[in-house]
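*Asks:* Build me a model from this:
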Amino acid sequence: MEVKYDPSWNESGQLDLWLLLHCMPGLGVRKLQKLYAVAEYNLQNIPLLSGSQFKAAGLSFKHFSSIQNQYAKYLDEVKQWLAESATHFVLPLNHPDYPDQLREISAPPLLLFGIGDPAVLQEYQLAIVGSRRMTPAGSKIGRQLASDLIESGWHITSGLALGIDTQAHLGALDKSGITIAVMATGVDSIYPRRNQQLAMDIVAAGGCLVSEFPLRSQPKKEHFPRRNRIISGLSNGVLVVEAALKSGSLITARYALEQNREVFAVPGSVYNLSSQGCHYLIKQGAKLVEQVSDINEEFPNIRQTGVNPVTINCEKKCKLPLATEGLLASVGFEATPIDVVAQRSGLPVTAVMSELLEYELRGLVATVPGGYIRLGE
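*Replies:* Prediction:
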């Protein structure tokens, strides 16, 4: 994305524009790039574009006009929220504090809402994710590894969910470390409620809460896979501690692979269903982790200052063949109707729609008139 940062972005109304764009249904980075080009690479020109120019970018001018008339109240709410505390922030994609490693993924959020210190988002992060229904052993391992990683110089990133996520955040706090919680709600709507104190402790310790969802957004099923791509996108690697074969943690691992991040997994008992996902990852090439040194030896530069985490990640090669699902092969490089994808893959339409949403978020397919097209090779 070639949007250049304007030091006066807030005073010149750029925040207003970004909030307006953020409210547009169906606007992702690719369509924004087209819209930006049509606007002659000047965000200020976007509200002045004609209906045909919006259509050229694959967007509806009618939607844009209706949002312009309705979003004024939301804009006031955001500005009031920002004024409530110095810890509240909003980072558009072109802001210098927007984390570089997240900007590099295929579908970065247009905006990040946050509470806490945005500077920590640029630091080395190791994501720890896992089952909500953890075993006592999983709880202990997840918390201990988080603590050990803090002592090694890492920040810990997770999703503020119950189970392993909570233990990861607590393990970081045990060592007075920095931890980042990526939320599937608005940052002002803590979920689950029982983690409200944990969220406050994260901010008080110098970490932060972040979300791409607007203020007051409540948890929805489709929010969680979108949240997971940010967890991996912010991080240099993802450690999975207890996960079922069909779980959000494995989705996070898949995103990590697409983003050229390292994937690690903790083995468990063969009788524990929550270990099957970890065992699957290890079979596919994820590194087996018993202690923090197993992770640190993959990142010899972690204690060196001034090393860009994105550069290190880009040098890593994607080793795990988790993005070779048969469903992806059922989508052509020309517009492929949803029923054709279902027929080719042998899956029900409902399952196909769910999987294609994940693929679209991962930048593997795109919605076009007439169905979906496959992106890249």
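
*Asks:* From the contact counts, what lies against the helix or strand harbouring L126?
*Replies:* Assigned by DSSP states H and E, L126 falls within strand 125-130. Packing partners of strand 125-130 (3 or more CB pairs under 8 Å, 6 or more residues apart in numbering; DSSP states H and E): helix 136-151, strand 155-158, helix 164-174, helix 223-234, strand 237-241, helix 248-258. Using the backbone N, CA and C atoms, a C-beta is placed for each residue, glycine as well.

*Asks:* Report the residue spans of the stretch 51-200 of the chain with pLDDT below the cut-off.
*Replies:* Scanning the stretch 51-200 of the chain for pLDDT under 70 picks out 62-63, 65-70.

*Asks:* which residue ranges form the helices in it?
*Replies:* 51-56, 61-70, 72-84, 100-103, 136-151, 164-174, 196-204 (DSSP state H, counting those that start in this stretch).

*Asks:* Could you export those to CSV, including columns for distance to V187 and mean neighbour count?
*Replies:* Formatted as CSV, these follow (distance: least, CB to CB, whole Å; neighbours: other CB atoms under 10 Å):
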stretch, distance to V187, mean neighbour count
helix 51-56, 30, 15
helix 61-70, 22, 13
helix 72-84, 9, 13
helix 100-103, 16, 20
helix 136-151, 22, 20
helix 164-174, 15, 25
helix 196-204, 9, 16
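
*Asks:* Go through those and name the closest to W18.
*Replies:* helix 72-84 (10.2 Å; CB to CB).

*Asks:* would you turn the helices of the stretch 51-200 of the chain into TSV with distance to L347?
*Replies:* TSV is the format used below for the helices of the stretch 51-200 of the chain (distance: least, CB to CB, whole Å):
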stretch	distance to L347
helix 51-56	33
helix 61-70	31
helix 72-84	38
helix 100-103	31
helix 136-151	31
helix 164-174	29
helix 196-204	38
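
*Asks:* Out of those, which gets nearest to V270?
*Replies:* Among the helices of the stretch 51-200 of the chain, the nearest to V270 by CB to CB is helix 136-151 (13.6 Å).

*Asks:* And the closest one, what does it pack against?
*Replies:* Where contact means 3+ CB pairs under 8 Å, 6+ apart, helix 136-151 is packed against strand 125-130, strand 155-158, helix 164-174, strand 237-241, strand 262-266, helix 292-296.

*Asks:* In JSON lines: the ones you listed, plus distance to L112.
*Replies:* Below are these laid out as JSON lines (distance: least, CB to CB, whole Å):
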{"stretch": "strand 125-130", "distance to L112": "14"}
{"stretch": "strand 155-158", "distance to L112": "13"}
{"stretch": "helix 164-174", "distance to L112": "19"}
{"stretch": "strand 237-241", "distance to L112": "19"}
{"stretch": "strand 262-266", "distance to L112": "23"}
{"stretch": "helix 292-296", "distance to L112": "26"}
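
*Asks:* These: which one's closest to R193?
*Replies:* With CB to CB as the measure, helix 164-174 is the member of the helices and strands packed on helix 136-151 nearest R193 (12.8 Å).

*Asks:* ok, E77 to T336 distance?
*Replies:* 41 Å (CB to CB, to the nearest Å).

*Asks:* sorry, back to before: how about the helices and strands packed on strand 125-130 in a markdown table, adding distance to D294?
*Replies:* As requested, the helices and strands packed on strand 125-130 are exported to a markdown table (distance: least, CB to CB, whole Å):
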| stretch | distance to D294 |
| --- | --- |
| helix 136-151 | 10 |
| strand 155-158 | 16 |
| helix 164-174 | 16 |
| helix 223-234 | 19 |
| strand 237-241 | 10 |
| helix 248-258 | 16 |
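
*Asks:* who wins for proximity to C278 among these?
*Replies:* Among these, the nearest to C278 by CB to CB is strand 237-241 (5.5 Å).

*Asks:* picking up where we left off before, tell me which of the helices and strands packed on strand 125-130 sits nearest to Y271.
*Replies:* Among these, the nearest to Y271 by CB to CB is helix 136-151 (12.0 Å).
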